[in-house]
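J.: A predicted structure for the sequence below; I have some questions about it.
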Amino acid sequence: MNVAIVGASGAVGQEFLRVLAERNFPIDNLVLFGSARSAGTEYEFKGKTYTVKELKHGDDFKDIDIAFTSAGAGISKEYEKDITKFGAVMIDNSSAFRMDADVPLVVPEVNAADAKDRPRNVIANPNCTTIQMVVALKAIENLSHIKRVHVSTYQAASGAGAAAMAELEQQYRQVLAGEEPTVEKFAYQLAFNLIPQIDVFTDNGYTKEEMKMYNETRKIMHSDIEVSATCIRVPSLRAHSEAIWAETERPISVEEAREAFAAADGVILEDNPAEKKYPMPLFLSGKDPVYVGRIRKDLANPNGITFWCVGDQIKKGAALNAVQIAEYLIKEGDIRK
């Protein structure tokens with residue numbers, strides 16, 4: 001299998017390398033692409049050194065079977081045809097194609113088969129917050145159709161990239177030293193703060209991040225589900241957390257929900273309040289599954305169930321999900337070898 005990573009020097013690009021190695025993904029040849037600034041950078045992968053090539057228009061993807069792209073929506077749109085014209089499957093981590101009718105939006109635990117219907121040979125990776133939510137919601141949907149969801153997200157600095165993580169660490173050092181903190185990657189100082197805005201605001205008062213959760217969830221789950229989200233940037237380094245209230249057509253008991261989560265693909269149940277056992281981002285960075293806890297009945301809705309979930313958004317929320325899509329296609333014999 002000939003594999004390319006576009007955006008190899010970024011946080012997600014680096015995570016692709018780790019995930020591909022961890023999962024022993026079948027790679028015969030690996031090609032790394034990046035910007036002119038990143039070109040020439042060397043990275044180790046499974047004992048070999050690879051040099052980043054500058055991404056250019058042309059025939060560089062002629063022999064590529066799978067291209068994992070994570071260099072931003074603009075780059076994905078500009079280079080889509082270069083990547084796919086010779087038959088490579090482009091699994092894209094940006095927002096470029098997610099809502100295109102002829103591009104499947106895939107979370108393997110929820111709608112893996114959608115990846116087979118790809119007229120443009122492009123598969124979109126959903127937004128990180130959507131991925132971890134729908135992995136958890138699928139367990140409840142299997143019990144009773146979910147009519148609506150309210151969700152508050154608590155999103156780590158890593159969601160804004162490696163430079164944002166470095167800035168948060170720098171801000172903590174500066175504030176504790178009595179210095180003026182550097183503020184470049186966020187609208188405000190994030191250290192010792194919360195910022196109730198991720199992405200730009202839309203006309204309805206919701207941010208683009210919040211509307212992604214509404215639109216993407218409906219597409220992935222093939223559902224009329226309604227999602228109302230509030231997305232908050234929090235001063236943790238890595239792994240996103242979500243407080244979720246789901247309303248189902250029939251009442252779901254806590255016991256039913258707990259059993260469903262325990263059996264769900266890609267979910268780890270961590271729910272023992274008496275022993276103070278519940279998911280926390282501090283301990284779950286770098287982990288593959290979505291962790292679920294704090295399961296309880298919604299006191300304000302007889303058909304409501306509420307829970308807390310945590311997932312590493314660079315891993316399951318980005319690189320891992322994309323690699324799982326590729327693994328599914330290989331297993332199904334639905335990809336060029």
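T.: Perfect, thanks for sending it. Residues are numbered from 1 along each chain as shown.
J.: where does this protein dip in pLDDT?
T.: 336-337 (pLDDT under 70).
J.: show me it divided up by domain.
T.: Per automatic domain parsing, the structural domains of the chain span 2-126+318-331, 130-313.
J.: redo these as CSV? Include mean neighbour count.
T.: (Each C-beta comes from the backbone N, C-alpha and C, glycine too.) What follows is these, written out as CSV (neighbours: other Cβ atoms under 10 Å):
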stretch, mean neighbour count
domain 2-126+318-331, 19
domain 130-313, 18
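J.: tell me the contacts of Thr41?
T.: By Cβ atoms under 8 Å, 6 or more residues apart in numbering, the contact set of Thr41 is Ala8, Ser9, Gly34, Thr51, Val52.
J.: among the residues you listed, which pair sits farthest apart?
T.: Ser9 and Thr51 (11.5 Å; Cβ to Cβ).
J.: same list, the contacts of Thr41, but as TSV with secondary structure and distance to Phe261 please.
T.: Converted to TSV, these look like this (DSSP: H, G, I helix; E, B strand; the rest coil; distance: Cβ to Cβ, whole Å):
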residue	secondary structure	distance to Phe261
Ala8	coil	35
Ser9	coil	37
Gly34	strand	39
Thr51	strand	44
Val52	coil	41
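J.: ok, those residues vs Ile195, which is closest?
T.: Ser9 (26.2 Å).
J.: on the three-state scheme, the closest residue in space to that closest one that isn't next to it in sequence is what?
T.: For Ser9, ignoring the flanking residues on the chain, the nearest one in space by Cβ to Cβ, 6 or more residues apart in numbering is Ser38 at 4.1 Å. Here Ser38 is coil, with the state taken from DSSP: H, G, I helix; E, B strand; the rest coil.
J.: against Arg18, how distant is Ser38?
T.: Taking Cβ to Cβ, to the nearest Å as the measure, Ser38 falls 18 Å from Arg18.
J.: shouldn't Thr230 be within a strand?
T.: Yes - under three-state DSSP, Thr230 sits within a strand.
J.: quick check, it in contact with Gln155.
T.: No - with contact defined as Cβ atoms under 8 Å, Thr230 does not reach Gln155; the gap is 10.9 Å.
J.: picking up where we left off before, quick check: of the contacts of Thr41, which lies closest to Val107?
T.: Here the nearest of the contacts of Thr41 to Val107, counting by Cβ to Cβ, is Ala8; it sits at 23.7 Å.
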